[in-house]
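# What follows is a predicted structure for the sequence shown.
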Amino acid sequence: MELLEQRMFIKEIPPFDRVDEEIIDKIAENLDIAYFKADETVLDKGAMPEFLYFIIKGVVQEKEGDEVLSLYSKQELFDPVSLIEKYAKHTFVTAEETLCYLLPSEIFLQLLHENDYLESYFFQTISQKLQQAEQNRESAVLADFMMARVEDAYLQKPLIVKADTSLHEAVVTWEKFGAGALLVEDESGLGIVTDADLRKKFIIGKGDFDMAVGSLANRPPVTVSKREFLFNAQLLMTKYAIKHLVVTEEDQVVGILDQLSLASFFASHTYAIAHEIEMAKDVKALQKASEDLIKTVKALYAKGVKVRYIARLISQLNAKIFAKLFMLLVPDALKEDACIIVMGSEGREEQILKTDQDNALIVSDACTMSEEEIAAFAHAYTKTLIAFGYPPCPGEIMLSNAKWRKSVHDFQKQIDLWLERKSADDLMELAIFYDSTAVAGDGTLLERLKRYLLEHLPSDQAFFAHFASAVESFEVPLGIFSDFVVEKKGVHKNELDIKKGGIFPIVHGVRALSLEHGLEQTNSVERLKRLNDMGVLDKTMTADLIESFTYLMQLRLGANLHRLERGEEMSNYIEPKKLSGIEKDLLKDALKTVASFKKFLVYHYKLNLLG
C-alpha cells in the first residue's frame, strides 16, 4: 500500500505527471522519507546535495542570507539545480514542521540521462518552460479546432432575386449589396450565379443585358448545414469543384460560405474580417464586422496561436474598424484636421476581447470647426462604439469627454500639467497617453505630441521613480507558503486578479523604463526587446518577462473565453484550483518572474526611499 501511495503522489508532480509507469516505479522503489522540525536547515549553501526532495507536507524556504528567494510546499520538489550542478547555491530551511520523500541524487541523475523529456525539463529556464507549455497547448487544441462548424466561419448574407429579373438589374443590386454570389428563385426552387458564371456564360457567350438572370444559374446549388464540420464543407467544394456553398438551417437559407472565408478560417481567419470591414458601406455593416471579431479570437486561440500575436492581429482589425467608423461619421471639415488615438492596452496592441474604450481626439490648431460641431461628432462616435460592443470607460477616457478632446496646443498644455503636478492620477494619465497609437485621421498630430512629451521629460530620477512607483500598488499573489493568494469571500472567492498581480507590474515597469530611455515603441514586448538591446535588461530577464507576460495573458484569455461561452461577464480573475498541475507550476514560475522584476525596479528606482 505504501508503494502505491508513493506512486500516486509522484505522478501528481510536474514533470513526473508526463512520464511512463516504468520511471514512476523506479522513483517509488528508491524513495526514503524524512521529518524536519520548524526552522531546521535541510540543505546548506555550498553543500554537496544528496537528495531530490518531494514535500509531503510543510513549507521550505530557499534563502540567500536573510532574504527568502522562493518557497516550496505540499506536492512540490526542490532542488534539482543543486543536484545537477553538484553544489547548493542557496540555503533551504523549513518554515514549519515538514515531511519529505527523498530520492537519491544518483537515481535522479540517472533518470535525466535516460529520459530526454526529463533532461530537457530540468535544464530549461523559466522562459523555455513556458515556451514548451505553449507548444504542448498548440498540439492539444488542434483536435478541437478541427471540430469547427460551418457557422463558426464568416458567412455572407444571402442575396435572393427573382429568376426573371433582368441581368442588368440583378448585377446592379448585386454590386450594391456587395455579395460574392447571387441566388435566384422561381417555382422550381433556388439557383446560384457566381462571378465565374458571368464570365463564362455572359461575357464569353455574348449574352444580352436584358436576359433573365435565372438563365445563368446553376441548379440546384450545393448546400451544407450550418452545423456541419468545416472540413466536410471543404470536401464538398473539392468534390464538386465549386467555390460557394449555400448554408442552411432547417431547410432555410441562412448564408453563403465561399472558399476565401473557409481558407481564411483555417489560416488566420483575419482576411475575411478585414475584407468585410473594407467593404462596409454603412454603420450597420461595420457593426456586423465588429461582431465577428470574437469568432476570430476563438479560432486563433484554438489553433494555438500565441496570445501576443492574437492581440496584435485583433488590434489591427480594431484599428480598421475605428478608422472606417471615423470616415463614415466625420464631417468633411474635420476629416483632414483631426486624429483619433487609442490608448492603454489597445494602444499597446495588447487588447484582445472588447473592453472599455480608451480613446481621444486630437484636433489640428488650424481647424475652423466650432467646439459644438466637434463635440457632436465625438459623442456620435463614442455612442456608436458602445453599440458595437465596446463599453464606455468608467473613468470617461473617451473622446466624448472634453478632457480627451483637445487641440494640439491644448494637449501640449495638458502634458505640461502631467509632468509638473506628478500626482498619482496625473502620472497614470500620462502613462495611458504614452501608450497611444493613431488609428484614424492625421497621425502626424500624435507624432508631434509624442515628440513634445519626450523632449520635455524632467531630467531628475525622482520623476521616473514616482512614475514607476505604481508597480507597488498590488502584491504578487504568491503567499508565504508558496501558494496562490486568492479572494476569501465575495463574487471572486477562490480567484486571483491576474492583471493586478501579474500583468500590470510587467506592463507598467516596462513602460517606466521605456519612458526613462525615451523609447517610441508602445507594445510591451517590443519595448522589452529594445531595452535588452540597450543593455537596460539582461537577456535572461528579458526572455523570462516576455514568456511570463504571454502566459499570464493566455490564462486570462482562456478564462474569459469560457465566461463568454457561459454568458458571463469578462473579468481579470482566474481560479487556480481549476488549473492542471503543470499550469499551476508555470503560473508560479511566471509570478516569481514578476516578483523578481519588481525587486529590480525597487532597486533601480530606489522606490524604498520614496516618501
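It's in.

# List the backbone torsions phi and psi for Y573.
Y573 adopts backbone torsions of phi -100, psi 150, taken as degrees, to the nearest 10.

# Which residue comes closest to it once chain neighbours are left out?
Excluding its sequence neighbours, the residue lying closest to Y573 (C-beta to C-beta, 6 or more residues apart in numbering) is E495, at 4.1 Å. (Each C-beta comes from the backbone N, C-alpha and C, glycine too.)

# show me the contacts for the one you found.
E495 sits next to 486-487, 573-576 when contact means C-beta atoms under 8 Å, 6 or more residues apart in numbering.

# Which stretches in the stretch 351-500 of the chain count as helices?
Ranges of helices in the stretch 351-500 of the chain, per DSSP state H, counting those that start in this stretch, are 371-387, 408-421, 424-434, 444-455, 461-468, 498.

# Kindly reformat the ones you listed as TSV and extend each row with mean pLDDT and distance to N318.
Output for these, formatted as TSV (pLDDT from 0 to 100; distance: least, C-beta to C-beta, whole Å):
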stretch	mean pLDDT	distance to N318
helix 371-387	95	10
helix 408-421	95	23
helix 424-434	94	17
helix 444-455	96	17
helix 461-468	93	27
helix 498	95	22
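
# And the residue nearest to Y573, how far from T540?
Note on E495: its distance to T540, by C-beta to C-beta, to the nearest Å, is 31 Å.

# which one of the contacts of E495 is nearest S548?
Nearest to S548 out of the contacts of E495 is I574 (C-beta to C-beta; 14.6 Å).

# what about A153, neighbour count?
A153 has 25 neighbouring residues, counting by other C-beta atoms under 10 Å.

# thought it was touching L262?
Yes - using C-beta atoms under 8 Å, A153 is in contact with L262, at 6.0 Å.

# what's the overlap in contacts for the two?
Counting by C-beta under 8 Å, 6+ apart, the contacts common to A153 and L262 are L230.

# Which stretches in the stretch 201-350 of the chain count as helices?
Under DSSP H, counting those that start in this stretch, the stretch 201-350 of the chain gives helices at 230-240, 259-267, 271-279, 283-291, 293-302, 307-329, 332-335, 344-347.

# Among these, which comes closest to L167?
Closest to L167 of the helices of the stretch 201-350 of the chain is helix 271-279 (C-beta to C-beta; 22.5 Å).

# Pull out the buried positions in the closest one.
Neighbour counts over helix 271-279 (16 or more other C-beta atoms under 10 Å) mark 272-277 as buried.

# Quick one, which of those residues has the minimum pLDDT?
Ranked by pLDDT, those bottom out at A272, which has 64.

# Against V594, how distant is V330?
From V330 to V594 the distance is 42 Å (C-beta to C-beta).

# Those two: who's more crowded?
The neighbour comparison of V330 against V594 (other C-beta under 10 Å) goes to V594, with 25 against 20.

# mind listing what D164 touches?
The contact partners of D164, taken as C-beta under 8 Å, 6+ apart, are 186, 212, 214.

# In three-state terms, label it for me.
Applying DSSP: H, G, I helix; E, B strand; the rest coil to D164 yields a three-state assignment of coil.

# Run a quick neighbour tally on the closest residue to F411 other than its chain neighbours.
Nearest residue to F411, sequence neighbours excluded (C-beta to C-beta, 6+ apart): L449, at 5.4 Å. A count of nearby residues for L449, using other C-beta under 10 Å, gives 21.

# cool, G395 as well?
By other C-beta under 10 Å, 14 other residues sit near G395.

# do you know how far it is from G58?
Distance of G395 to G58, computed by C-beta to C-beta: 45 Å.

# How about M553?
Noted for M553: a distance of 34 Å to G58, by C-beta to C-beta.

# what about the two, which has more around it?
For the pair M553 and G58, the greater number of neighbours falls to M553 (23 against 20), based on other C-beta under 10 Å.

# any idea whether that one is helix, strand or coil?
At M553 the chain is in helix, as set by three-state DSSP.

# OK, contacts around the residue lying closest to L453 once chain neighbours are set aside?
Leaving aside its sequence neighbours, L453 sits nearest to I415 (C-beta to C-beta, 6+ apart; 5.4 Å). Contact analysis of I415 by C-beta under 8 Å, 6+ apart lists 430, 433, 449, 452-453, 456.

# what do you get if the cut-off is 10 Å, keeping everything else the same?
I415 makes contacts with 429-430, 433-434, 449-450, 452-453, 456-457, as judged by C-beta atoms under 10 Å, 6 or more residues apart in numbering.
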